[in-house]
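1. The following comprises the amino acid sequence and a computationally predicted model.
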Protein chains: 2
Amino acid sequence: MASEKVLAHLDAHRQQHVDQLCEFLRIPSVSSQADHKQDVRRACAFVADELRGLGLEVEIIETDGHPLVYAQSEQRPDRRTLLFYGHYDVQPVDPLELWKTPPFEPRVEDGIVYARGASDDKGQVFAHFKAVEAYVRTGTGLPVNLKFIIEGEEECGGHGIYRYTEQHADKLACDAVVISDTTLYNETTPGICYSLKGLAYMEIRVKGPDMDLHSGSYGGTVQNPANALAGIVAGLKDRDGRCLVPGFYDDVLELEKEERDGFAALGYTDAILRKETGAPAAWGEQGYTTLERMWARPTCDVNGLASGYGGEGAKTIIPSRALAKVSMRLVPNQDPERIAAAFAAHVAAIAPAGVEVEVVNHHNAAPVLVPRHSPMMQAGMNALKRGFGADPVFIREGGSIPIVGTFQAWLKAPVLLLGYGLSTDNIHSPNEKFDLANFWNGARTTAVLLEEAARA
Amino acid sequence: MASEKVLAHLDAHRQQHVDQLCEFLRIPSVSSQADHKQDVRRACAFVADELRGLGLEVEIIETDGHPLVYAQSEQRPDRRTLLFYGHYDVQPVDPLELWKTPPFEPRVEDGIVYARGASDDKGQVFAHFKAVEAYVRTGTGLPVNLKFIIEGEEECGGHGIYRYTEQHADKLACDAVVISDTTLYNETTPGICYSLKGLAYMEIRVKGPDMDLHSGSYGGTVQNPANALAGIVAGLKDRDGRCLVPGFYDDVLELEKEERDGFAALGYTDAILRKETGAPAAWGEQGYTTLERMWARPTCDVNGLASGYGGEGAKTIIPSRALAKVSMRLVPNQDPERIAAAFAAHVAAIAPAGVEVEVVNHHNAAPVLVPRHSPMMQAGMNALKRGFGADPVFIREGGSIPIVGTFQAWLKAPVLLLGYGLSTDNIHSPNEKFDLANFWNGARTTAVLLEEAARA
């Protein structure tokens, strides 16, 4: 197979690739901080140069914020097409004092590179670049048409990529989207994440008196907004954790037996959960394992409560206002807009007399499900198996990655979430790291994927 | 009657008394601020000089904080004894910029004196001094034995007066305690407050995971402390506002028909409540009027909720912790310690699985009831009627005044709360004021009270 030569090239150039990655990591491309604007540009140029060096046709696309880099190989109609997405911007570094070495001076120690962006997402994107480079340097013909869209606003909530995808869906058309911005299932087990939860983020605002009242002078005469809010929040779920919003479960796609068996085989125990979280016990909806609830059951969680006095000691008031932030994590095929509306109607129905209650829908995200049994998904699993030398598993994720839904909706192509990071990589935290073994195995996986996708 | 001469003296020296009061008000005796310590001493000395000027035997009693001033007239066994309580310290003045004129430069305008301490409590205490002075200046024999205990720690939570009362109950022994540190029922109606609510101040602390968790990654797997807290708080009261703590109402003294009739005659309407508070509606326990709930029904109010994120927009977390401050205002004959224990047991009983719940009892105060039909109470009513020239009413108060309970418990004497202020006096706020008519009528009331008490 052609990929033997390609993989041999990758294995022979490991140190060189790490050195090049460190160059990329030295650019402090913090997209959310205005004083790093030129650094973000430099990272953009670095990516563009890399892609040009692969013989691709490169375009820098200006947005309202930081630019997108688009690149493509020759597009032959007889080949399948893969679109690689990633981002070259990074999170801020605060609190800087908790870093053992400076975040933009990469340090390699015991097979791990430490730097901001190492795992999220420069290291994972760079693995793709090196895989393609291995084809080019070994004179191996590309088995697929390649497209890259690499953005610089992932960490600052920019909308450039969303607008561009909607407006240029034809240009981005592909047989599969490949995203490496997540994690292996665990240190020894690679996996493809085939489902993400969606989100409906709500806020309940309760207003009573115009000002905080003396709880002695007015206690018992008016509805207390904090008591009222507690009653409303208590009415959102039953004691077993099932959401009481009417119709909430109507569109929930139940897990298939194969999925439940697969999850069970992963051996995730409540003891692991307690160790990870420090919670006194696992808890939730009856009839589902902890992993099933985490990955495949919708939730209704308070993210915050605020009312009156929360400081030390006592203050004797009836608060004027009370608020709760409530997020519902949604699963296929729940519709966020419909759920948000049902939530608001339910709150109105259970709100007590004597206060004014308002419900705000902050933002929504659609849940994502990528069919597991497509040829492209199988290609991804085969690539992981060969790239990492271990049997990959199908996993799901409780969080949301909004761009995945956008790609699915506009490109009508499966999205392969091939995570090369680890959940312990300290992304968004001090001392972000990336295991070089995962960097190298990731590049191998991408290299194999091009062949696997070609014959999928 | 002897008091005609005394009252005539008071009426003839109105301006002089106002000038003297202004001297008192010029002393910035802010007891909670260390840099005013010498000013507090000066106010103490001012009070001692005043009382010495009345021919009383005066003692300055050191405490851990600011000193007490004790004074007494000759104590004849054949006369009744009145103990007057008040305080010479004042609240801080912040926010200073909201004062129209400086808080310690008294301004008299349209029959009102504006200054910090004018109503709370210097003006009211000074009315007592001037009443006694009128007896002395007119050569009218005192009809009763007099005792004064004036403290300097009322506004800073000092315990000197409590310890002194417990340790020197014999010295303070009396037939009635007179306290003027409250208000008339309204601008035209004087009253005696014969009942105060007690208090049990609780805090509920709920602990879940060790740190805030990503609500996507861990939603559905652990009990959410904020949801759990809402459930607990919702379980404290039913939808009609009745407290669900078992035994809560067992010792509640129901209102007598005469009391309910008296309250009803005051004409306090829900429209007045809405105007005072801005609340959308009056609300509370069925079967009681708003004033009955305010004055004579126990309450259970959240004073504050705090958990997770309460700022703008969204943060997607499962909070590690959640807390609620809950105060129960208690009525005769509820026992705060017993109620606090029942509350803690109830919370433990309704707490859901999967979190750790702790209940803290911050502090308690006993409710107070002074029998309305005692001769001394009647003496007070007669004094108000003649002093203010208007029919007084019996009122109650939803707040707590802890010293009243202490006096009742240790001195075994009725406490007459003869308030000379108005609820609009801005006590504890900028532009505190005291109506001179109430100052003068208050002094007249005190003067009459000495005679009324003598023959009670």
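-> The structure has been received and is ready for your questions.
2. My understanding was that A:Lys207 contacts A:Val355; is that so?
-> Yes: under the criterion of CB atoms under 8 Å, A:Lys207 makes contact with A:Val355 at 6.3 Å. To be clear about C-beta, it is placed using only N, CA and C from the backbone, and glycine gets the same treatment.
3. Which neighbours do these two have in common?
-> Common neighbours of A:Lys207 and A:Val355 (criterion: CB atoms under 8 Å, 6 or more residues apart in numbering or on different chains): A:225, B:280.
4. Compare those two (neighbour count), which wins?
-> More neighbours surround A:Val355 than the other of A:Lys207 and A:Val355, with 25 against 19 (other CB atoms under 10 Å in any protein chain shown).
5. what about stretch A:111-122, start to end distance?
-> Stretch A:111-122 has its terminal residues 17 Å apart, counting by CA to CA, to the nearest Å.
6. can you tell me if it touches chain B.
-> No: Stretch A:111-122 stays clear of chain B (CB under 8 Å from any CB of the partner chain), getting no nearer than 14.1 Å.
7. pLDDT (mean, whole number) over that stretch?
-> For stretch A:111-122, mean pLDDT rounds to 97.
8. Same question for stretch A:211-221.
-> Average pLDDT, stretch A:211-221: 93.
9. May I see the buried residues of that stretch?
-> A:212-213, A:215-221 (16 or more other CB atoms under 10 Å in any protein chain shown).
10. for the residue most central in space within chain A, what are its contacts?
-> In chain A, the centroid-proximal residue (CA atoms, centre = their mean) is A:Ile401; its distance is 4.0 Å. For A:Ile401, the contacting residues are A:179, A:181-182, A:196, A:368, A:417, by CB under 8 Å, 6+ apart.
11. Could I get the full set of helices for the stretch 51-200 of chain A?
-> Taking DSSP state H, counting those that start in this stretch as the criterion, the stretch 51-200 of chain A contains helices spanning A:123-137, A:160-167.
12. So which elements touch the shortest one?
-> I take that to be helix A:160-167. Judged by 3 or more CB pairs under 8 Å, 6 or more residues apart in numbering or on different chains; DSSP states H and E, the packing partners of helix A:160-167 are strand A:68-72, strand A:145-151, helix A:402-411.
13. hang on, the earlier thing: can you list the helices of the stretch 51-200 of chain A in a markdown table and add mean neighbour count?
-> What follows is the helices of the stretch 51-200 of chain A, written out as a markdown table (neighbours: other CB atoms under 10 Å in any protein chain shown):
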| stretch | mean neighbour count |
| --- | --- |
| helix A:123-137 | 25 |
| helix A:160-167 | 17 |
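14. Of all the ones you listed, which one is nearest B:Phe104?
-> helix A:160-167 (61.1 Å; CB to CB).
15. surely A:Asn438 meets A:Gly421?
-> Yes: counting by CB under 8 Å, A:Asn438 sits close enough to A:Gly421 to count as a contact (6.8 Å).
16. where's A:Gly247 relative to B:Glu312, distance?
-> 30 Å (CB to CB, to the nearest Å).
17. circling back: which stretch in the helices and strands packed on helix A:160-167 has the least confidence?
-> Here those differ in mean pLDDT, and the lowest is helix A:402-411 at a mean of 94.
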